[in-house]
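In: I need the structure of the sequence given here:
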Amino acid sequence: MTNRQIVVTSLPKGELEPSHYAMKEAPMPEPAEGEVLLRNILMSIDAANRSWLNGPTYRAAVQAGDAMPTYAICEVIESRSPRLAVGDVVAAESVWADYVAVPARVAQKLPPVQHLTHLLSAYGIAGKTAFHGLLSVGKPLAGETIVVSAAAGSVGGYVGQIGKALGCRVVGIAGGAEKCAHVVDDLGFDACINYRDEGLFKSLRSACPEGIDVYFDNVGGPILETTLTLMNERGRVVCCGAISQYESSNPVGPRNLPGIIVVRRLRMEGFIVMDFAKDDAKAVRAMQTWVENGQVKVTEDVVEGLENAPQALIGLLNGENRGKRIVRVGPDPEVRS
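Out: Numbering: from 1, shown residues only. Below you'll find the model as predicted:
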(Lines give C-alpha, C1' and ligand atoms only; values in the text may rest on other atoms or scores of the structure.)
Protein backbone atom coordinates (compact mmCIF):
# COMPACT_ATOMS: atom_id res chain seq x y z
CA MET A 1 0.00 0.00 0.00
CA THR A 2 1.36 3.41 -0.97
CA ASN A 3 0.76 6.90 0.30
CA ARG A 4 0.09 9.90 -1.92
CA GLN A 5 1.88 13.05 -0.85
CA ILE A 6 2.49 16.46 -2.37
CA VAL A 7 6.07 17.71 -2.21
CA VAL A 8 7.67 21.06 -2.92
CA THR A 9 9.64 20.72 -6.17
CA SER A 10 11.22 24.18 -6.04
CA LEU A 11 10.98 27.30 -3.89
CA PRO A 12 9.08 30.18 -5.49
CA LYS A 13 10.86 33.46 -6.14
CA GLY A 14 7.64 35.35 -6.80
CA GLU A 15 4.07 34.15 -7.22
CA LEU A 16 3.30 30.59 -6.20
CA GLU A 17 2.42 28.30 -9.13
CA PRO A 18 1.19 24.69 -9.43
CA SER A 19 4.59 23.78 -10.89
CA HIS A 20 6.18 24.40 -7.48
CA TYR A 21 4.47 21.19 -6.30
CA ALA A 22 4.25 17.59 -7.46
CA MET A 23 2.19 14.60 -6.36
CA LYS A 24 4.34 11.58 -5.52
CA GLU A 25 3.79 8.05 -4.30
CA ALA A 26 5.62 7.27 -1.06
CA PRO A 27 5.75 4.17 1.13
CA MET A 28 3.04 3.90 3.74
CA PRO A 29 4.39 5.39 7.00
CA GLU A 30 4.99 2.89 9.78
CA PRO A 31 4.48 4.24 13.30
CA ALA A 32 7.28 3.60 15.78
CA GLU A 33 6.75 2.91 19.45
CA GLY A 34 4.87 5.86 20.97
CA GLU A 35 3.55 6.98 17.57
CA VAL A 36 0.23 6.80 15.74
CA LEU A 37 -0.61 6.40 12.06
CA LEU A 38 -3.08 9.08 11.00
CA ARG A 39 -5.39 9.35 8.02
CA ASN A 40 -5.78 12.96 6.95
CA ILE A 41 -9.41 13.99 6.69
CA LEU A 42 -9.29 17.79 6.47
CA MET A 43 -6.28 20.06 5.89
CA SER A 44 -6.09 23.72 6.85
CA ILE A 45 -5.09 26.08 4.04
CA ASP A 46 -3.65 29.34 5.36
CA ALA A 47 -1.77 32.34 4.01
CA ALA A 48 1.03 31.49 6.43
CA ASN A 49 1.69 28.35 4.36
CA ARG A 50 3.16 30.63 1.70
CA SER A 51 5.46 32.40 4.17
CA TRP A 52 6.99 29.06 5.18
CA LEU A 53 8.43 28.82 1.67
CA ASN A 54 10.32 32.11 2.11
CA GLY A 55 12.52 31.01 5.00
CA PRO A 56 12.37 30.36 8.75
CA THR A 57 9.39 31.90 10.56
CA TYR A 58 7.95 30.58 13.81
CA ARG A 59 8.78 27.20 12.33
CA ALA A 60 11.65 25.81 10.26
CA ALA A 61 11.70 26.78 6.59
CA VAL A 62 10.23 24.38 4.06
CA GLN A 63 12.85 23.11 1.63
CA ALA A 64 12.60 21.77 -1.91
CA GLY A 65 11.87 18.06 -1.70
CA ASP A 66 9.88 18.35 1.54
CA ALA A 67 6.28 17.23 1.79
CA MET A 68 4.25 20.43 2.28
CA PRO A 69 3.40 20.85 5.98
CA THR A 70 -0.09 21.60 7.20
CA TYR A 71 -2.38 21.43 10.22
CA ALA A 72 -5.01 18.74 9.86
CA ILE A 73 -7.95 16.90 11.36
CA CYS A 74 -7.15 13.19 11.23
CA GLU A 75 -8.37 9.74 12.21
CA VAL A 76 -6.11 7.35 14.12
CA ILE A 77 -5.91 4.13 12.10
CA GLU A 78 -3.05 2.47 14.00
CA SER A 79 -1.75 3.25 17.48
CA ARG A 80 1.42 2.23 19.27
CA SER A 81 0.68 4.45 22.25
CA PRO A 82 -1.74 4.19 25.18
CA ARG A 83 -2.55 7.88 24.69
CA LEU A 84 -4.72 7.31 21.61
CA ALA A 85 -6.91 4.53 20.26
CA VAL A 86 -7.84 3.48 16.74
CA GLY A 87 -10.81 5.57 15.62
CA ASP A 88 -9.94 8.65 17.67
CA VAL A 89 -10.24 11.95 15.82
CA VAL A 90 -7.29 14.25 16.45
CA ALA A 91 -5.74 17.55 15.40
CA ALA A 92 -2.08 17.35 14.47
CA GLU A 93 0.75 18.88 12.52
CA SER A 94 0.73 16.90 9.29
CA VAL A 95 1.74 17.14 5.63
CA TRP A 96 -0.14 17.22 2.36
CA ALA A 97 -0.66 13.47 2.13
CA ASP A 98 -3.15 10.67 2.68
CA TYR A 99 -1.33 9.32 5.75
CA VAL A 100 1.28 10.47 8.23
CA ALA A 101 2.91 8.99 11.35
CA VAL A 102 3.46 11.31 14.32
CA PRO A 103 4.28 10.98 18.03
CA ALA A 104 1.03 10.45 19.94
CA ARG A 105 1.96 13.19 22.40
CA VAL A 106 1.68 15.89 19.69
CA ALA A 107 -1.77 14.79 18.48
CA GLN A 108 -4.69 16.41 20.30
CA LYS A 109 -7.77 14.24 20.75
CA LEU A 110 -10.88 16.15 19.72
CA PRO A 111 -14.42 16.00 21.10
CA PRO A 112 -17.24 14.72 18.90
CA VAL A 113 -18.94 17.47 16.88
CA GLN A 114 -21.66 17.44 14.24
CA HIS A 115 -19.46 19.05 11.59
CA LEU A 116 -15.75 18.17 11.59
CA THR A 117 -14.99 21.20 9.40
CA HIS A 118 -15.95 23.46 12.32
CA LEU A 119 -12.86 22.16 14.14
CA LEU A 120 -10.73 24.03 11.60
CA SER A 121 -12.98 27.07 11.23
CA ALA A 122 -15.05 28.54 14.05
CA TYR A 123 -13.75 26.19 16.77
CA GLY A 124 -10.31 25.70 15.26
CA ILE A 125 -7.37 27.71 14.06
CA ALA A 126 -9.44 30.46 12.41
CA GLY A 127 -11.83 31.11 15.29
CA LYS A 128 -9.14 30.82 17.96
CA THR A 129 -6.84 33.18 16.05
CA ALA A 130 -9.62 35.75 15.80
CA PHE A 131 -10.60 35.37 19.46
CA HIS A 132 -7.12 35.49 20.97
CA GLY A 133 -5.85 38.24 18.69
CA LEU A 134 -8.81 40.55 19.20
CA LEU A 135 -9.41 40.01 22.93
CA SER A 136 -5.90 39.39 24.24
CA VAL A 137 -3.98 41.78 21.97
CA GLY A 138 -6.57 44.26 20.71
CA LYS A 139 -8.50 44.49 23.99
CA PRO A 140 -11.56 46.28 22.52
CA LEU A 141 -14.10 48.08 24.69
CA ALA A 142 -17.79 48.34 23.89
CA GLY A 143 -18.45 51.37 21.72
CA GLU A 144 -14.96 51.46 20.20
CA THR A 145 -14.29 51.21 16.46
CA ILE A 146 -12.52 48.13 15.07
CA VAL A 147 -11.17 47.92 11.53
CA VAL A 148 -10.37 44.51 10.04
CA SER A 149 -8.45 43.88 6.80
CA ALA A 150 -9.08 40.73 4.74
CA ALA A 151 -12.53 40.92 6.29
CA ALA A 152 -14.01 38.21 4.06
CA GLY A 153 -11.22 35.79 4.91
CA SER A 154 -11.05 32.96 7.39
CA VAL A 155 -9.87 35.02 10.37
CA GLY A 156 -11.11 38.48 9.46
CA GLY A 157 -14.73 37.44 9.21
CA TYR A 158 -14.69 36.03 12.73
CA VAL A 159 -12.84 39.06 14.12
CA GLY A 160 -15.59 41.36 12.89
CA GLN A 161 -18.41 39.18 14.18
CA ILE A 162 -16.76 38.87 17.60
CA GLY A 163 -16.33 42.66 17.64
CA LYS A 164 -20.03 43.13 16.98
CA ALA A 165 -20.89 40.62 19.73
CA LEU A 166 -18.79 42.76 22.10
CA GLY A 167 -20.70 45.93 21.22
CA CYS A 168 -18.18 47.60 18.92
CA ARG A 169 -18.52 49.39 15.60
CA VAL A 170 -16.80 47.20 13.01
CA VAL A 171 -15.52 48.25 9.59
CA GLY A 172 -14.04 45.74 7.17
CA ILE A 173 -11.62 46.11 4.29
CA ALA A 174 -11.94 43.59 1.45
CA GLY A 175 -11.22 43.22 -2.26
CA GLY A 176 -14.24 43.75 -4.51
CA ALA A 177 -17.84 44.90 -4.23
CA GLU A 178 -19.16 41.34 -3.95
CA LYS A 179 -16.96 40.54 -0.96
CA CYS A 180 -17.84 43.82 0.71
CA ALA A 181 -21.54 43.07 0.31
CA HIS A 182 -20.97 39.64 1.89
CA VAL A 183 -19.11 41.21 4.81
CA VAL A 184 -21.93 43.67 5.54
CA ASP A 185 -25.04 41.68 4.55
CA ASP A 186 -24.01 38.21 5.72
CA LEU A 187 -21.49 38.82 8.49
CA GLY A 188 -23.09 41.93 9.96
CA PHE A 189 -20.23 44.45 9.76
CA ASP A 190 -21.30 48.09 9.96
CA ALA A 191 -19.42 48.97 6.76
CA CYS A 192 -16.84 47.54 4.37
CA ILE A 193 -14.34 49.36 2.17
CA ASN A 194 -13.25 48.00 -1.20
CA TYR A 195 -9.49 48.56 -1.23
CA ARG A 196 -9.43 48.17 -5.01
CA ASP A 197 -11.34 51.41 -5.40
CA GLU A 198 -9.50 54.70 -5.41
CA GLY A 199 -9.55 56.83 -2.28
CA LEU A 200 -9.02 54.24 0.47
CA PHE A 201 -8.09 56.93 3.00
CA LYS A 202 -11.20 59.03 2.34
CA SER A 203 -13.51 56.00 2.37
CA LEU A 204 -12.02 54.68 5.60
CA ARG A 205 -12.18 58.10 7.26
CA SER A 206 -15.84 58.40 6.27
CA ALA A 207 -16.63 54.94 7.67
CA CYS A 208 -14.76 55.70 10.92
CA PRO A 209 -15.86 59.25 11.84
CA GLU A 210 -14.58 58.83 15.41
CA GLY A 211 -11.27 57.32 14.33
CA ILE A 212 -9.98 53.77 14.81
CA ASP A 213 -9.33 52.23 18.22
CA VAL A 214 -8.32 48.72 17.16
CA TYR A 215 -6.93 47.66 13.80
CA PHE A 216 -6.68 43.92 13.14
CA ASP A 217 -4.13 43.63 10.36
CA ASN A 218 -4.02 40.60 8.08
CA VAL A 219 -2.37 42.19 5.05
CA GLY A 220 0.43 44.64 5.92
CA GLY A 221 1.77 46.97 3.21
CA PRO A 222 -0.04 50.11 2.00
CA ILE A 223 -3.33 49.22 3.73
CA LEU A 224 -1.54 49.09 7.08
CA GLU A 225 0.10 52.45 6.32
CA THR A 226 -3.23 54.07 5.46
CA THR A 227 -5.01 52.68 8.51
CA LEU A 228 -2.30 53.88 10.89
CA THR A 229 -3.00 57.48 9.88
CA LEU A 230 -6.54 57.19 11.26
CA MET A 231 -5.71 55.52 14.57
CA ASN A 232 -6.84 57.21 17.76
CA GLU A 233 -4.47 57.91 20.64
CA ARG A 234 -3.73 54.75 22.64
CA GLY A 235 -5.00 52.66 19.74
CA ARG A 236 -4.00 49.02 19.36
CA VAL A 237 -2.73 47.43 16.14
CA VAL A 238 -3.03 43.63 16.09
CA CYS A 239 -0.53 42.17 13.59
CA CYS A 240 -1.82 38.76 12.51
CA GLY A 241 -0.46 38.44 8.97
CA ALA A 242 0.90 40.22 5.92
CA ILE A 243 -0.62 38.40 2.96
CA SER A 244 0.04 41.32 0.60
CA GLN A 245 3.78 40.86 1.11
CA TYR A 246 4.29 37.08 1.02
CA GLU A 247 4.82 36.87 -2.73
CA SER A 248 6.65 40.17 -3.18
CA SER A 249 10.37 40.22 -4.00
CA ASN A 250 10.44 43.77 -2.64
CA PRO A 251 8.13 43.92 0.40
CA VAL A 252 6.70 47.35 1.19
CA GLY A 253 6.17 48.40 4.79
CA PRO A 254 4.44 51.45 6.23
CA ARG A 255 6.50 54.61 5.81
CA ASN A 256 4.95 56.36 8.82
CA LEU A 257 6.81 54.31 11.44
CA PRO A 258 7.90 54.88 14.12
CA GLY A 259 6.72 58.49 14.18
CA ILE A 260 2.99 57.89 14.24
CA ILE A 261 3.34 55.25 16.95
CA VAL A 262 5.14 57.73 19.18
CA VAL A 263 2.84 60.69 18.53
CA ARG A 264 -0.40 58.68 18.88
CA ARG A 265 1.02 56.43 21.66
CA LEU A 266 -0.04 53.37 19.71
CA ARG A 267 0.67 49.77 20.68
CA MET A 268 1.53 47.50 17.75
CA GLU A 269 1.89 43.81 18.60
CA GLY A 270 2.28 40.64 16.59
CA PHE A 271 1.06 37.26 17.78
CA ILE A 272 0.71 33.62 16.77
CA VAL A 273 -2.32 31.62 17.84
CA MET A 274 -0.16 29.11 19.76
CA ASP A 275 0.89 31.94 22.11
CA PHE A 276 -2.49 31.63 23.81
CA ALA A 277 -2.96 27.85 23.74
CA LYS A 278 -3.64 27.78 27.47
CA ASP A 279 -6.84 29.76 26.80
CA ASP A 280 -8.05 27.68 23.86
CA ALA A 281 -10.87 26.06 25.84
CA LYS A 282 -12.14 29.50 26.80
CA ALA A 283 -12.01 30.60 23.16
CA VAL A 284 -13.91 27.54 21.93
CA ARG A 285 -16.61 27.93 24.61
CA ALA A 286 -17.11 31.56 23.65
CA MET A 287 -17.26 30.77 19.94
CA GLN A 288 -19.74 27.95 20.53
CA THR A 289 -21.97 30.31 22.52
CA TRP A 290 -21.88 33.00 19.84
CA VAL A 291 -22.56 30.46 17.07
CA GLU A 292 -25.48 28.94 18.98
CA ASN A 293 -26.89 32.43 19.65
CA GLY A 294 -26.61 33.39 15.99
CA GLN A 295 -24.09 36.16 16.72
CA VAL A 296 -21.36 34.40 14.72
CA LYS A 297 -21.96 32.66 11.40
CA VAL A 298 -19.66 29.81 10.42
CA THR A 299 -18.08 30.51 7.04
CA GLU A 300 -16.18 27.74 5.27
CA ASP A 301 -14.77 27.18 1.79
CA VAL A 302 -14.09 23.47 1.28
CA VAL A 303 -12.05 22.21 -1.69
CA GLU A 304 -12.37 18.50 -2.45
CA GLY A 305 -9.32 16.32 -3.08
CA LEU A 306 -5.70 16.18 -1.94
CA GLU A 307 -4.58 16.79 -5.52
CA ASN A 308 -6.23 20.22 -5.42
CA ALA A 309 -4.29 21.49 -2.39
CA PRO A 310 -1.76 23.54 -4.40
CA GLN A 311 -4.49 25.36 -6.33
CA ALA A 312 -6.45 25.85 -3.11
CA LEU A 313 -3.49 27.70 -1.58
CA ILE A 314 -2.84 29.70 -4.75
CA GLY A 315 -6.50 30.67 -4.89
CA LEU A 316 -6.46 31.78 -1.27
CA LEU A 317 -3.44 33.99 -1.93
CA ASN A 318 -5.38 35.52 -4.83
CA GLY A 319 -8.38 36.23 -2.60
CA GLU A 320 -10.75 33.60 -4.01
CA ASN A 321 -12.00 32.27 -0.70
CA ARG A 322 -14.85 33.36 1.51
CA GLY A 323 -14.26 32.11 5.01
CA LYS A 324 -11.98 29.35 6.16
CA ARG A 325 -10.39 27.45 3.25
CA ILE A 326 -10.11 23.72 3.87
CA VAL A 327 -9.05 20.80 1.69
CA ARG A 328 -10.96 17.57 2.22
CA VAL A 329 -8.62 14.62 1.73
CA GLY A 330 -10.97 11.84 2.77
CA PRO A 331 -14.39 11.12 4.28
CA ASP A 332 -15.33 11.66 7.89
CA PRO A 333 -14.95 8.55 10.06
CA GLU A 334 -17.92 6.27 10.39
CA VAL A 335 -19.92 6.94 13.52
CA ARG A 336 -19.20 4.17 16.00
CA SER A 337 -22.08 2.84 18.07
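In: first to last residue in stretch 17-30, what's the distance?
Out: Terminal residues of stretch 17-30 are spaced 32 Å apart (Cα to Cα, to the nearest Å).
In: my read: Gln108 touches Val90, true?
Out: Yes - with contacts counted by Cβ atoms under 8 Å, Gln108 reaches Val90, the gap being 5.8 Å. Glycine gets a C-beta too; all of them are placed from N, C-alpha and C.
In: Residues that sit against both of these two, list them.
Out: Here Gln108 and Val90 have no joint contacts, going by Cβ atoms under 8 Å, 6 or more residues apart in numbering.
In: quick one: which of those two has more around it?
Out: Val90 (22 against 12; other Cβ atoms under 10 Å).
In: Quick one: list the elements packing against whichever strand or helix holds the more buried one.
Out: In the assignment (DSSP states H and E), Val90 maps to strand 89-95. Under the contact definition 3 or more Cβ pairs under 8 Å, 6 or more residues apart in numbering; DSSP states H and E, strand 89-95 sits against strand 35-44, strand 69-79, strand 99-103, strand 108-109.
In: Now that strand: buried residues?
Out: Residues of strand 89-95 classed as buried: 89-92, 94-95 (neighbour count, 16 or more other Cβ atoms under 10 Å).
In: ok, Val159 - how many residues close by?
Out: Residues near Val159, counting by other Cβ under 10 Å: 33.
In: contacting residues around whatever helix or strand it lives in?
Out: Following DSSP H and E, one finds Val159 within helix 156-165. Here helix 156-165 makes contact (Cβ under 8 Å, 6+ apart) with 122, 126-127, 129-131, 133-135, 140, 146, 148-151, 170, 172, 174, 183, 187-190, 214, 216, 218, 287, 290, 295-297, 299, 322-323.
In: just to revisit the earlier point, what's the model's confidence in the strand holding Val90, averaged?
Out: Average pLDDT, strand 89-95: 96.
In: what lines up beside it in the sheet?
Out: strand 69-79 (antiparallel), strand 108-109 (antiparallel) (DSSP bridges).
In: And the ones you listed: which comes nearest His118?
Out: Nearest of the strands paired with strand 89-95 to His118, taken as Cβ to Cβ: strand 69-79 at 10.0 Å.
In: And the closest one, what's buried?
Out: Result for strand 69-79 [16+ other Cβ under 10 Å]: buried residues 69-76, 79.
In: And for stretch 17-29?
Out: Of all the residues in stretch 17-29, those buried under the rule 16+ other Cβ under 10 Å are 20-21, 29.
In: how long is that stretch end to end?
Out: Chord length of stretch 17-29, first to last residue, is 28 Å (Cα to Cα).
In: returning to what we had before: worst average pLDDT in the strands paired with strand 89-95?
Out: Among these, strand 108-109 scores lowest, with a mean of 94.
In: next SSE after the one helix or strand Asp301 maps to?
Out: Per DSSP H and E: Asp301 is located in strand 300-304. Downstream of strand 300-304, the next assigned helix or strand under DSSP H and E is helix 309-317.
In: now the helices for the stretch 1-150 of the chain?
Out: 48-51, 125-131 (DSSP state H, counting those that start in this stretch).
In: May I have the phi/psi pair for Glu210?
Out: In terms of degrees, to the nearest 10, the main-chain angles of Glu210 are phi -100, psi 20.
In: Spit out the contact partners of it.
Out: For Glu210, the contact set (Cβ under 8 Å, 6+ apart) comprises 145, 232.
In: and Phe271, what pLDDT?
Out: On the pLDDT scale, Phe271 gets 95.
In: shouldn't Ile260 be in contact with Thr226?
Out: No - using Cβ under 8 Å, Ile260 is not in contact with Thr226, being 11.4 Å away.
In: quick one, what contacts Arg265?
Out: By Cβ under 8 Å, 6+ apart, Arg265 lies in contact with 233-234.
In: and the gap between it and Glu25?
Out: Using Cβ to Cβ, to the nearest Å, we find Arg265 at a distance of 58 Å from Glu25.
In: Kindly report the same for Leu228.
Out: Plainly put, Leu228 is 50 Å away from Glu25 if you go by Cβ to Cβ.
In: got it, and Gln161?
Out: Noted for Gln161: a distance of 43 Å to Glu25, by Cβ to Cβ.
In: Next, count neighbours for the spatially closest residue to Ala22 that is not a sequence neighbour.
Out: Using Cβ to Cβ, 6 or more residues apart in numbering and skipping the chain neighbours, the partner closest in space to Ala22 is Thr9 (4.9 Å). When neighbours are counted by other Cβ under 10 Å, Thr9 registers 12.
In: Ok, the one 3 residues further on next?
Out: Here the neighbour count serves as a burial measure; for Pro12 (other Cβ under 10 Å) it reads 15.
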